[in-house]
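**Q** Would you be able to build a 3D model of this:
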Amino acid sequence: MSTPYVRRFDSFDRVLHGFLMLSFLGLAATGLPLIFSDQPWARRMTGILGSFEVAGWLHRVCATMLITVFAVHLSRLGRRLIFQRDFGLLWGPRSMVPQPRDLTDAVGHVKWFLGLGARPRFDRYTYWEKFDYWAVFWGMGIIGASGLLLWFPVFFANVVPGWFFNIALLVHGEEALLAVGFIFTMHFFNGHLRPEKFPMDRVIFTGRVSLEELEEERPSEYARLKASGGLAALQVPPPERWLVRLGTVIGTTAVSIGLLLVGFILYAVLT
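**A** Numbering: from 1, shown residues only. This is a model prediction of the structure:
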């Protein structure tokens, strides 16, 4: 008998995350050589791409993709709030908005790490997943706004003073380094590299999680869905083998590239 599965992410979420991942990796791979242009590895990377000019052009292509992903995500949230009246997005167990329970869970998790208490009973979104989400959300706004300012300097020179571009250049580079460091270390660890998930959590690629895993990792969500009869509506067949393999290949490639880029950053900073 096959293991029962439930849907965690729909196809829209998965495709959008795929474009987010592709654009972010592209931005990191083309932006870091521009920041560390004096490093030998940066010159080799741009040599593979063709030149620093080509790297800059590809950087703008990936930026356009990322801005589009951000806009689509915002429009979907707006549609659910305004037209579907889904106010559960703003508060409650299905919301990504930080709530008092998240602080309690974070403290309880630290106590569990230290052997001083039981593991918190997490619901649909954990406190670290919300932190990941808002870190990316905040970073998109700052990096995107400063990047557009640098992309179209003639246009924005009509509305902001010249010194503003110096600030934008500094903010864009520093925030980008922070984002790359965070995503390629903390997010990758939480999503894929922690012991219970290693070497890969494929849920974002398959959109499905086994009922056993849901009960073990998110007991509050499992109990809530079971009590409301929602589990039956979410049950889906197990993911196809080709989809699992594809997710493994894509995820492994992304993690490998991300960790390699983090290594380049550390090498540049330390040397």
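**Q** can you give me phi and psi for residue 209?
**A** phi -140, psi 140 (degrees, to the nearest 10).
**Q** contacting residues for it?
**A** The neighbourhood of residue 209, defined by C-beta atoms under 8 Å, 6 or more residues apart in numbering, consists of 5, 6, 8, 203. Every C-beta, even on glycine, is put in place using the N, C-alpha and C of the backbone.
**Q** Pipe those into JSON lines and attach secondary structure, neighbour count and distance to residue 159 per row.
**A** Shown next, in JSON lines, are those (DSSP: H, G, I helix; E, B strand; the rest coil; neighbours: other C-beta atoms under 10 Å; distance: C-beta to C-beta, whole Å):
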{"residue": "5", "secondary structure": "strand", "neighbour count": "21", "distance to residue 159": "52"}
{"residue": "6", "secondary structure": "strand", "neighbour count": "21", "distance to residue 159": "50"}
{"residue": "8", "secondary structure": "coil", "neighbour count": "20", "distance to residue 159": "44"}
{"residue": "203", "secondary structure": "helix", "neighbour count": "18", "distance to residue 159": "44"}
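**Q** Which stretches in the stretch 51-200 of the chain count as strands?
**A** With strands called from DSSP state E, counting those that start in this stretch, the stretch 51-200 of the chain shows none.
**Q** Would you map the helices across it?
**A** 52-82, 100-113, 127-151, 153-156, 163-182, 188 (DSSP state H, counting those that start in this stretch).
**Q** could the contacts of residue 209 be laid out in TSV, adding pLDDT?
**A** Below are the contacts of residue 209 laid out as TSV (pLDDT from 0 to 100):
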residue	pLDDT
5	89
6	90
8	91
203	89
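**Q** which of these lies closest to residue 30?
**A** Among the contacts of residue 209, residue 203 lies closest to residue 30 (C-beta to C-beta), at 28.7 Å.
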